[in-house]
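*Asks:* pasting the structure only:
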């Protein structure tokens, strides 16, 4: 009986406790706990298509470097490059594309093309998007960012484009020709004079074939080593100071007996008769198949003794057009191409140079293109790019700087001395600048 009484007492306590518990539904969910409403579910982004004017990547790289990685990051965004690689350097092509109603959302081109793209509405200021997305531009190559700061203000912008990869010049050489004539190979940080001395030993007629030593570059690229600007930004005055150091170097190259009339690209890539050839790194990648069949080497671009820079910085980049209906999504794509270590690694493996301050990624250079030799990587790592010149909207416009070509030819031919040639060119350029500015 004692046990029965204890059992009844416990049962009574359990029933009392149950009476104060909140009522539950048959599913075990408390009646005062609301169900998740449809409005609280994550909103899936709507699928969109962004038109891209691709002036940088061949079809293979477009898919591997751009489309596939971005599809993983932004599965709702489709990138449409239209008919393929576009001539973003060609004003007529750009105007015809716009007139046909095919204005893109994004343009992939070079910083030097900004003077073509901005007037046509193919670029807008990206500074508000950079701020909104809290992107730290200090993570990227210093010289590239400083160059961007010089280009943007001439278009009344703070950031006209986002860098994707760096481009600069290197010196390629044909080892077979150096071996044939028992001449030592070029080295990193040679001066132009060093290259000229090698050229004198290599330029000769042999077995009825004319061989050439060193094909010097253009006066624009050599002038870039001094960061020369030909028109003062503030005053619009033509100033050719500095070219008196450049023209004589080029003349000395061309005055070597046998060097006249060389077609540089053909002589190096096809005929295999040119020993040393200056080339943009991005173009080296494009000709990777050619160099696979050549015993080639690569060192830093020759420099001036008093100016130990290889070439003025150049970079390829992305622009957002003013007419895009999807500015936030376009910027997501553009900034991710710049930020993503995966994409920057793919870019570098293909033979271009990452814009990130990341030596591990830089060390991947050329791994997928067959160009990534230890010597080539050393040349890239030792390249020191010159600061950008103070950019003027007209200082690289072909019609405005055309008198420089006339002056250069007159000086090479000996019909004008150096000072007279440069003075006459400055006078002609000033007239053209004034015409452009409506003076």
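*Replies:* Everything's here; your move. On a predicted model such as this, the values are computed, not experimentally measured, just so you know.

*Asks:* quick one, strands of this protein?
*Replies:* Secondary structure of the chain (DSSP state E): strands located at 48-54, 77-80, 106-110, 162-167, 169-174, 204-206, 209-215, 274-280, 296-300, 314-320, 353-354.

*Asks:* to residue 135, which of those strands lies closest?
*Replies:* Distances from residue 135 to each of those were compared using Cβ to Cβ; the minimum, 8.8 Å, belongs to strand 162-167. Any C-beta I mention is one placed from the backbone N, CA and C, and that applies to glycine too.

*Asks:* tilt between the closest one and strand 274-280?
*Replies:* Using axes from the mean of the first three to the mean of the last three Cα atoms, to 10 degrees, the interaxial angle of strand 162-167 with respect to strand 274-280 works out to 170 degrees.

*Asks:* packing partners of strand 162-167?
*Replies:* helix 142-151, strand 314-320, helix 327-339, helix 341-349, strand 353-354 (3 or more Cβ pairs under 8 Å, 6 or more residues apart in numbering; DSSP states H and E).

*Asks:* tell me the confidence at residue 84?
*Replies:* The predicted local distance difference test score for residue 84 is 73.

*Asks:* thinking again about what came up before, the strands of the chain: which one's closest to residue 195?
*Replies:* Across the strands of the chain, the minimum distance to residue 195, taken as Cβ to Cβ, is reached by strand 209-215, at 4.7 Å.

*Asks:* so which bits of that closest one are buried?
*Replies:* For strand 209-215, the neighbour count (16 or more other Cβ atoms under 10 Å) marks 210-215 as buried.

*Asks:* including pLDDT and distance to residue 231, could those go into a markdown table?
*Replies:* Written out in a markdown table, the entries for the buried residues of strand 209-215 read as follows (pLDDT from 0 to 100; distance: Cβ to Cβ, whole Å):
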| residue | pLDDT | distance to residue 231 |
| --- | --- | --- |
| 210 | 96 | 39 |
| 211 | 97 | 40 |
| 212 | 96 | 34 |
| 213 | 96 | 35 |
| 214 | 94 | 31 |
| 215 | 87 | 28 |
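
*Asks:* adding distance to residue 281, write those out as CSV.
*Replies:* As requested, these are arranged in CSV below (distance: Cβ to Cβ, whole Å):
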residue, distance to residue 281
210, 28
211, 25
212, 22
213, 22
214, 19
215, 17
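
*Asks:* of all those residues, which two lie farthest apart?
*Replies:* The widest separation within the buried residues of strand 209-215, taken as Cβ to Cβ, falls between 210 and 214 and amounts to 14.2 Å.

*Asks:* with distance to residue 430 added, can I get the strands of the chain in TSV?
*Replies:* Putting those into TSV (distance: least, Cβ to Cβ, whole Å) gives the following:
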stretch	distance to residue 430
strand 48-54	35
strand 77-80	45
strand 106-110	28
strand 162-167	31
strand 169-174	29
strand 204-206	44
strand 209-215	32
strand 274-280	30
strand 296-300	36
strand 314-320	27
strand 353-354	37
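
*Asks:* which one of these lies nearest to residue 257?
*Replies:* With Cβ to Cβ, the closest approach to residue 257 among those belongs to strand 204-206: 8.9 Å.

*Asks:* mind checking how far the closest residue to residue 416 other than its chain neighbours is from residue 247?
*Replies:* Nearest residue to residue 416 in three dimensions, chain neighbours excluded: residue 410, at 4.1 Å (Cβ to Cβ, 6 or more residues apart in numbering). Relative to residue 247, residue 410 is positioned 10 Å away (criterion: Cβ to Cβ, to the nearest Å).
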